[in-house]
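**Student:** Provide a 3D model corresponding to the input given below.
(chains A, B, C and D)
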Protein chains: 4
Amino acid sequence: MLDKLHEECGVVGVFNHPEAANLTYLGLYALQHRGQESAGIAAGDPGGKLHIEKGMGLVADVFNNNRLSKLPGINAIGHNRYSTTGDSESQNAQPCLINYAKGSLALAHNGNLVNAIKIREELALGGAIFQSTNDSEVIVHLMAQAHGSFLERATSALGQVKGAFSVLLLSDTQMIASRDPHGFRPLCLGRLDDAYIVASESCVMDLISAEYIREVEPGEVLLIDNNGLQSFFPFPKTDVRQCVFEHIYFSRPDSHLFSDDVYSIRKQMGKALSEEMPVDADIVVPVPDSGVISAMGYAEATGIPFEMGLIRNHYVGRTFIEPQSKIRDFGVKIKLNAVKSLLNGKRVIVVDDSIVRGTTSKKIVKMLREAGAREVHIRICSPPIRHSCFYGIDTPDSAELITNTHDANALCAFLSADTVCYLSQERMMDVFGANRNNFCTACFDGNYPVVVEDNMKEVPQLDLFPPVSETSN
Amino acid sequence: MLDKLHEECGVVGVFNHPEAANLTYLGLYALQHRGQESAGIAAGDPGGKLHIEKGMGLVADVFNNNRLSKLPGINAIGHNRYSTTGDSESQNAQPCLINYAKGSLALAHNGNLVNAIKIREELALGGAIFQSTNDSEVIVHLMAQAHGSFLERATSALGQVKGAFSVLLLSDTQMIASRDPHGFRPLCLGRLDDAYIVASESCVMDLISAEYIREVEPGEVLLIDNNGLQSFFPFPKTDVRQCVFEHIYFSRPDSHLFSDDVYSIRKQMGKALSEEMPVDADIVVPVPDSGVISAMGYAEATGIPFEMGLIRNHYVGRTFIEPQSKIRDFGVKIKLNAVKSLLNGKRVIVVDDSIVRGTTSKKIVKMLREAGAREVHIRICSPPIRHSCFYGIDTPDSAELITNTHDANALCAFLSADTVCYLSQERMMDVFGANRNNFCTACFDGNYPVVVEDNMKEVPQLDLFPPVSETSN
Amino acid sequence: MLDKLHEECGVVGVFNHPEAANLTYLGLYALQHRGQESAGIAAGDPGGKLHIEKGMGLVADVFNNNRLSKLPGINAIGHNRYSTTGDSESQNAQPCLINYAKGSLALAHNGNLVNAIKIREELALGGAIFQSTNDSEVIVHLMAQAHGSFLERATSALGQVKGAFSVLLLSDTQMIASRDPHGFRPLCLGRLDDAYIVASESCVMDLISAEYIREVEPGEVLLIDNNGLQSFFPFPKTDVRQCVFEHIYFSRPDSHLFSDDVYSIRKQMGKALSEEMPVDADIVVPVPDSGVISAMGYAEATGIPFEMGLIRNHYVGRTFIEPQSKIRDFGVKIKLNAVKSLLNGKRVIVVDDSIVRGTTSKKIVKMLREAGAREVHIRICSPPIRHSCFYGIDTPDSAELITNTHDANALCAFLSADTVCYLSQERMMDVFGANRNNFCTACFDGNYPVVVEDNMKEVPQLDLFPPVSETSN
Amino acid sequence: MLDKLHEECGVVGVFNHPEAANLTYLGLYALQHRGQESAGIAAGDPGGKLHIEKGMGLVADVFNNNRLSKLPGINAIGHNRYSTTGDSESQNAQPCLINYAKGSLALAHNGNLVNAIKIREELALGGAIFQSTNDSEVIVHLMAQAHGSFLERATSALGQVKGAFSVLLLSDTQMIASRDPHGFRPLCLGRLDDAYIVASESCVMDLISAEYIREVEPGEVLLIDNNGLQSFFPFPKTDVRQCVFEHIYFSRPDSHLFSDDVYSIRKQMGKALSEEMPVDADIVVPVPDSGVISAMGYAEATGIPFEMGLIRNHYVGRTFIEPQSKIRDFGVKIKLNAVKSLLNGKRVIVVDDSIVRGTTSKKIVKMLREAGAREVHIRICSPPIRHSCFYGIDTPDSAELITNTHDANALCAFLSADTVCYLSQERMMDVFGANRNNFCTACFDGNYPVVVEDNMKEVPQLDLFPPVSETSN
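**Tutor:** Sure, this is the predicted structure:
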């Protein structure tokens, strides 16, 4: 069985640049927030062999100049992989590099397929051998069994898989970039000198000084080779369902995504939250870093002073091994510290982007109260998460989602907060204006755009809970 | 010759706690910003042997559970070391552990001595052997040659050295914590269960849930052993000259230091700057993270919106190896990215804590202009740095200090900014109120509290340029 | 194309022992001489998952207790791999662990297939994907595409490949051990408590105190599971052609192989050499360690004193990095040193097992002469090697084989020896008595038992040079 | 207290060669048998800085080209260190590099001082600080406290220490090589181009193609600098007492030492043993590798066939981690395997150089009997070891020396051998002819040439047990 279905990742592709691997490395570094479990780059020259280097850990740990020097050539694709648990396995690291009848092929995939197990079982019956427990591996098998050109094989394979994919494929002479028809995960296109760049987020273009061109469109297949760029739309057209959580939490605030600026969206959400869920207080404090922009929006709209009442340790984000200790629960303190002089005696509004399991929020409330906060009002800049995601973001089973199991009152009691309020889905979607219907909001409303065919840990029962907010589409 | 005179560091000591090494490790982690070159811990039981583990790199890289398990005992001291250049050497890592006639002794030192070379030469003539090029090593030699108890030897040695020291000394049965008479560098005392904790900054107490008691006072020698805590003031009393740069830049905003809260001081400095150097603009943008709090003060005082127009990569602060590339000058982009949608067409006030060489500021201005900023006004929350520090902060020679070599107009041209303004020393010191005379401001005004006896790279010539702003003291 | 066709390796399998991985590790250690490039172990419990650990380097470098602890279960197979060149690749390390329709499967293969490329091309046309450039990978693909039980799939796959294989296959419940019908490479069976042990050489049984039972026979397929041991002979019967070079050089002298003791065979070969190629001399000196036993045979038969005139550095056999130096040609001196006091003024017979490229022999002669040897007579305990091996031993192209390109006189001149003589093939085979026809001697006489179907670097042209010594079979 | 008094080591010095560090590295490799715990090299140019690289492990593990490249300059000294126990500490690795009044100085020391603790205590009272628990460190302290030139300081320091030293000292312009007046440990001089080479054994000269000149004489101090070589004999003359165990076991058989060839001495000892302790048997089998040469002497003298009945694993001598296993006692099997076909039914003479604790010998007898040996006769090529060595070889306390606690009969019973016989001290010394009185034989007869002043684990009480066998001297 596939043991890792849910993952968020980052991908970068560079075609026709003398420093392809170096640029890909920098791009992966800019996308480090999308995956910290493993990093890898495959690179090659037209007519030459594809080389691959990958390993467990952060981009800067996996790669050094020596390792980058083993990745010659003018084309490259790279991948950052995310994992929440410790049992990740190195054979699941991407890119995945294989040899088949047409030569060599590398793949980097962001998203999650919902019929991978089914396809895998069929392929295995035909004698296929699998190296990983990765859903992405079925794509290369389908390509190996298809016929025709690199493009034809890719189109055939991607036409058979269902779910979310923003994918990069590299052969010795061509690169393909494609987004699934719903466009769940982001992917954008840029240009640097004579090279094309493809990346999960636009911040990659900024770092390597590439010109941002546009997003790869949902359902689009881009073929890049010596003849330049060609665009195809081979899949049946369907509704666009981009992941709203990319704007809420996942993407970097300096990225432009799904036709909007993340920074601006977050600030507007903070403003909307302040209007929908006002409360009298002395200061607005963000949970850094994910709550900073929306807290600024909240503060600006209300005139309540914005204060950095929780200071984040710069050195978190790296492998910190908590000592084996009887002195427990350093957890949140290792990341955050409350500024007592600011908080003492104050009524505090704490703004965060979302609540998943609630355990961290509970510790933050405790920390604020110990620092002297007189009142603690939690304001969450998104609706309660009630459903698992099957399209590429790692959410726990719905039974573990505290915003699913606890109503606002119960949650307030659990967190020992004075009040806990969310931004409503309607007000949240208002922020997107005309784009409001182009989003997947399944984690909030259970409205799953694609039926899950595989026997995953928690299959949405679409018949019992018909989608509501999407009926008007 | 001593090749490393200038360093800022962090120290932590734990006396009488069953998890002494673990707590010290957590304390060093909280002080990681004070030194990233090396980390080390010495630990031991009363009557037992002192053990030491140290290495080059960040605390979380140097230590793991296996290594911590080699540090048994209820007493420990730890040290983070800072270095700006690549030629750091592992024998300079601290704590320094030695064997002498009275047994074993470990030392952790923050600060810089100004007569270490002179003492070293005298000791060498007497046959002393040195293992490092560290100025701290003279302290243990002076202790080895002194007579009497651990306390008497320490007092004798510390009485002979001049300059800055916040020092921890650990024997098999006692711990000594001391600050030089001027109190250049910080050091504070806390309590956790039956243990005493000593650390460079109060944020250590927060992380390990210790109770903050007070600062170790300038000129104080604390002796901690099974009889508890004893305080001595063996050195001639002199003016208190605490390092103002700790408040401006070095310490964490959540620390309490030199009788003030760093967060509050920085915010007031931002306010003072806005009053002294106002400018009409659309947004106030901090250079993260050092300029964030003062920029908030600036924005709050003026009502100009505060925006995070420069986004910091979370994963900086770790070893990032820039690829050997012809594509150069990623430097600042690797750390910061400008949010175009925010900046485009705007008049921007950029707030930073200080300017040293100016090269980074120049790149930031360029980045902001490329993102569409119409005007860029640099506001620096401290006076121009014109003099080297000899008491423990690594500043370049005065010839490399751009605020020394360029006046405001020339600097403005160099940075391609519209305006560049500083906070004046007088307005800056106003923020400290009654404490205003208890600070060393030598880097701004050349008023060196202690004459440098060693032949350092740039000796202040006190006779030729008598201190001005301090004459009234 | 397959870039590594020629390799000698060692394999070990343990079935039904609580310390399966530990015993396999020890077995690989005993077989370290058969392969120093990489080492790996796959292990698992009935009904459980197969785990694998492998890496580049020696067994003792790849494994430690931590890594062995990741290999739980009562069944395990292990593999040592050999490589002569530096461009070995880690994906070629074995065992190879794959997932297919029937679950998981691990393979360890010693030998070389001569139709692997052909089969690979056919499989690729059907959509198969390859991870390595290893010829062994076709076996698992053929198994995945076959039908029926583990045994049936294995028999089907092994029936399709041609060339040399001593192979171990491990599923979650069964182990299969098999030798190709010609029996090129060795494989033997033992028993320890309730466990069966299979290994390349009998010295493995000695090390782990297992009872040696017998050799796995050429063409035999052994199925080991909870029902015990079952033997099958599913392949068409053919002539036995065991590799004579295993006795000459490759196997350990303490192993029992192909019905004979290696030690005894080597000693008899030395005796035969002394009878066929006598020379008057003062001492017999072996090239350690491969020439020691035959030199003892030579000395014993002639009465000329046996002396260790060349001392071997014990620490060779590990990664020794010769310094980048203008002082070159330490090559042989790093391994061997001549004992001057022994050699000075002496007429020396130097006994070695074989000569391949001749460069080392030339350096040895030079070293002996510099040590004062008056005469140097080279005696080689096997015939001239004139042909490449395609069944699993790495021999250079015939153009690089000095015994192919130089006759005895020319070689003597090249080596600067006084005389150079070989053991004739006939006298060599006499040593094996009744077994004399059960050997592959292709490297000496070009009599290849199996036609090479793949386009290897040097295909034997069977038609042009029909086998001679085998015509009588 | 000094926790490591007993050690055997190897030293190499190179003066005035452009590849000084490379040659030193090769020399240490040739001396690897003298110490496997740590390796280090200090190197420097005249007028330049001394650099040092050292680490735990074998020479080939500690050094690579990168590390050697950090050792520029034309002069270098190196050191291999030996340890029998696991609690070795890295600060004890040599060379030891220190800074003192005259600049920098590196030391490499082979041997053991018997008044180091006493001197250390005196130095500590004067304020000296120690970094290691190494006895060698007192030499550099004594040099630092002495006056005058490098030579004068060295002579002063070496004149104060007692015991065994073959020592190399390197300053920025000079190298000193010296042997203590008794000459306990070896040291020899060679020449390569314009460079002088000094090394523990002559095999170093062979490896680097240097010309062997002579031994450094007991009590000699050699000063090597740009003026060439100068020889001094500053110490009071005394009896020469070279370590006889260097010939029996420690040195390589291809070395020339103490005016004799090791190979020849061992062979003659084997012959003497056969004459003194004959026994009727079928084969003579050495314990490899230390017993090989003497076994050859025994076999040659008696005409009983010499057979390699115990095969040594080539890959021993490296870090082999025995798996944590309930299956114990692989100990000897991991190193040695018995050749059953040779031993079965035979009466076997087993020749070894010495017996220390007897546990390995006991396992060898068991292994031989299990291989079918009918009789096992142990022949030891040296007298019973009854006393600890205090001059540099690590021997256990006399209570752990089985040849001290068991007489021949008891030992024979303990080992389950048929007979156990030793070479007598008189017959052993006969082998050395006229040199017979120039040896230390304290481990056999308790005749200690130098009184041990330090409180070591087992101090010889010279008054109570006056030496017997040496009374005639």
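
**Student:** quickly find the element holding A:Leu158.
**Tutor:** Using DSSP states H and E, A:Leu158 falls within helix A:150-160.

**Student:** just the CA trace of that helix, in PDB.
**Tutor:** Output of helix A:150-160 as PDB, limited to C-alpha atoms (Å, rounded to 0.1, in the frame of the first residue of the first chain):
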ATOM      1  CA  PHE A 150       7.800  12.100 -25.400                       C
ATOM      2  CA  LEU A 151       4.800  14.500 -25.600                       C
ATOM      3  CA  GLU A 152       2.400  11.800 -26.600                       C
ATOM      4  CA  ARG A 153       3.500   9.500 -23.900                       C
ATOM      5  CA  ALA A 154       3.300  12.300 -21.300                       C
ATOM      6  CA  THR A 155      -0.200  13.300 -22.500                       C
ATOM      7  CA  SER A 156      -1.400   9.800 -22.400                       C
ATOM      8  CA  ALA A 157      -0.100   9.200 -18.900                       C
ATOM      9  CA  LEU A 158      -1.300  12.500 -17.400                       C
ATOM     10  CA  GLY A 159      -4.700  11.800 -19.100                       C
ATOM     11  CA  GLN A 160      -5.100   8.600 -17.100                       C
END
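
**Student:** how about that helix against chain C, any contact?
**Tutor:** No. Helix A:150-160 stays out of contact with chain C when judged by CB under 8 Å from any CB of the partner chain, the minimum separation being 10.1 Å. In short, each C-beta sits where N, CA and C put it, glycine included.

**Student:** and the next element down the chain from that helix?
**Tutor:** Next along from helix A:150-160, by DSSP H and E: strand A:166-170.

**Student:** that following strand pairs with which strands, and in what direction?
**Tutor:** strand A:103-110 (antiparallel), strand A:175-179 (antiparallel) (DSSP bridges).

**Student:** what's around A:Ser341, how many residues?
**Tutor:** Residues within reach of A:Ser341, counting by other CB atoms under 10 Å in any protein chain shown, total 16.

**Student:** can you tell me the closest non-neighbouring residue to it?
**Tutor:** B:Asp261 (4.0 Å; CB to CB, 6 or more residues apart in numbering or on different chains).

**Student:** domain-wise, how is chain A divided?
**Tutor:** Domain segmentation of chain A under automatic domain parsing yields A:9-238, A:264-315+A:329-437.

**Student:** make a markdown table out of the ones you listed and add mean pLDDT.
**Tutor:** Listed next are the domains of chain A as a markdown table, based on pLDDT from 0 to 100:
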| stretch | mean pLDDT |
| --- | --- |
| domain A:9-238 | 93 |
| domain A:264-315+A:329-437 | 93 |
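
**Student:** quick one on the thing from earlier: what packs against the helix holding A:Leu158?
**Tutor:** Packing partners of helix A:150-160 (3 or more CB pairs under 8 Å, 6 or more residues apart in numbering or on different chains; DSSP states H and E): helix A:137-145, strand A:166-170, strand A:175-179, strand A:221-225.

**Student:** let's have the strands paired with strand A:166-170 in JSON lines, adding mean neighbour count.
**Tutor:** What follows is the strands paired with strand A:166-170, written out as JSON lines (neighbours: other CB atoms under 10 Å in any protein chain shown):
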{"stretch": "strand A:103-110", "mean neighbour count": "26"}
{"stretch": "strand A:175-179", "mean neighbour count": "26"}
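
**Student:** any chance of those strands in a markdown table with distance to D:Cys96 as columns?
**Tutor:** Converted to a markdown table, the strands paired with strand A:166-170 look like this (distance: least, CB to CB, whole Å):
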| stretch | distance to D:Cys96 |
| --- | --- |
| strand A:103-110 | 52 |
| strand A:175-179 | 58 |
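
**Student:** among these, which is nearest B:Met175?
**Tutor:** Among the strands paired with strand A:166-170, the nearest to B:Met175 by CB to CB is strand A:103-110 (52.8 Å).

**Student:** now do whatever helix or strand comes next after the closest one and strand C:103-110, the angle between them.
**Tutor:** As assigned by DSSP H and E, the chain's next helix or strand after strand A:103-110 is helix A:116-125. In terms of direction (axes from the mean of the first three to the mean of the last three CA atoms, to 10 degrees), helix A:116-125 departs from strand C:103-110 by 50 degrees.

**Student:** so A:Val376 sits in a helix?
**Tutor:** No. Counting by DSSP: H, G, I helix; E, B strand; the rest coil, A:Val376 is not found in a helix; it is strand.

**Student:** surely it is in contact with A:Val365?
**Tutor:** Yes. At 5.2 Å, A:Val376 and A:Val365 qualify as touching, with contact defined as CB atoms under 8 Å.

**Student:** okay, and the common contacts of these two?
**Tutor:** Common neighbours of A:Val376 and A:Val365, using CB atoms under 8 Å, 6 or more residues apart in numbering or on different chains, are A:350, A:416-417.

**Student:** out of the residues you listed, who has the most neighbours?
**Tutor:** Result: A:Val350 is most packed of the shared contacts of A:Val376 and A:Val365 (other CB under 10 Å), 27 neighbours.

**Student:** list the contacts for it?
**Tutor:** Contacts of A:Val350 by CB under 8 Å, 6+ apart are A:285-287, A:291, A:364-365, A:368, A:376-379.

**Student:** give me that answer again for 10 Å
**Tutor:** By CB atoms under 10 Å, 6 or more residues apart in numbering or on different chains, A:Val350 lies in contact with A:281, A:283-287, A:291, A:295, A:309-310, A:361, A:364-365, A:368, A:373, A:376-380, A:415, A:417, A:420.

**Student:** returning to what we had before: can you get me a residue count around the residue nearest to A:Ser341?
**Tutor:** B:Asp261: 19 neighbours (other CB under 10 Å).

**Student:** from B:Ala295, how far out is it?
**Tutor:** 17 Å (CB to CB, to the nearest Å).

**Student:** can you check A:Asp430 too?
**Tutor:** 30 Å.

**Student:** likewise A:Gly47?
**Tutor:** 53 Å.

**Student:** quick one: which of those two has more around it?
**Tutor:** Remark: of A:Gly47 and B:Ala295, B:Ala295 carries more neighbours, 30 against 8, as counted by other CB under 10 Å.

**Student:** wait, doesn't A:Pro181 sit right on A:Gln242?
**Tutor:** No. Contact criterion CB atoms under 10 Å: A:Pro181 and A:Gln242 do not qualify, at 11.6 Å.

**Student:** what sits in contact with each of the two?
**Tutor:** Common neighbours of A:Pro181 and A:Gln242 (CB under 10 Å, 6+ apart) are A:Pro218.

**Student:** ok, now which ones touch A:Val167?
**Tutor:** Shown in contact with A:Val167 (CB under 10 Å, 6+ apart): A:11, A:13, A:77, A:107-111, A:136, A:139, A:154, A:157-158, A:161, A:176-180, A:185, A:187, A:221.

**Student:** now A:Leu192. Its backbone dihedrals?
**Tutor:** phi -140, psi 110 (degrees, to the nearest 10).

**Student:** show me what contacts it?
**Tutor:** With CB under 10 Å, 6+ apart, A:Leu192 has these contacts: A:14, A:16-17, A:19, A:23, A:205, A:208-211, B:327.

**Student:** go with 7 Å
**Tutor:** A:17, A:208-210 (CB atoms under 7 Å, 6 or more residues apart in numbering or on different chains).

**Student:** now stretch A:36-54: buried residues?
**Tutor:** A:36-44, A:50-54 (16 or more other CB atoms under 10 Å in any protein chain shown).

**Student:** of A:Val376 and A:Val365, give the one with the bigger neighbour count.
**Tutor:** More crowded of A:Val376 and A:Val365, by other CB under 10 Å: A:Val376, with 26 against 22.

**Student:** what are the bridge partners for the more buried one, then?
**Tutor:** If you apply DSSP bridges, the partners that A:Val376 bridges to are A:Val348.

**Student:** so which residues of the stretch 301-450 of chain A form helices?
**Tutor:** A:331-335, A:340-343, A:359-370, A:402-405, A:408-415, A:425-430, A:442-445 (DSSP state H, counting those that start in this stretch).

**Student:** which residue does the stretch 1-150 of chain A have closest to chain D?
**Tutor:** A:Asn66 (10.8 Å; CB to the nearest CB).

**Student:** so that residue is in which element?
**Tutor:** Assigned by DSSP H and E, A:Asn66 falls in helix A:65-69.
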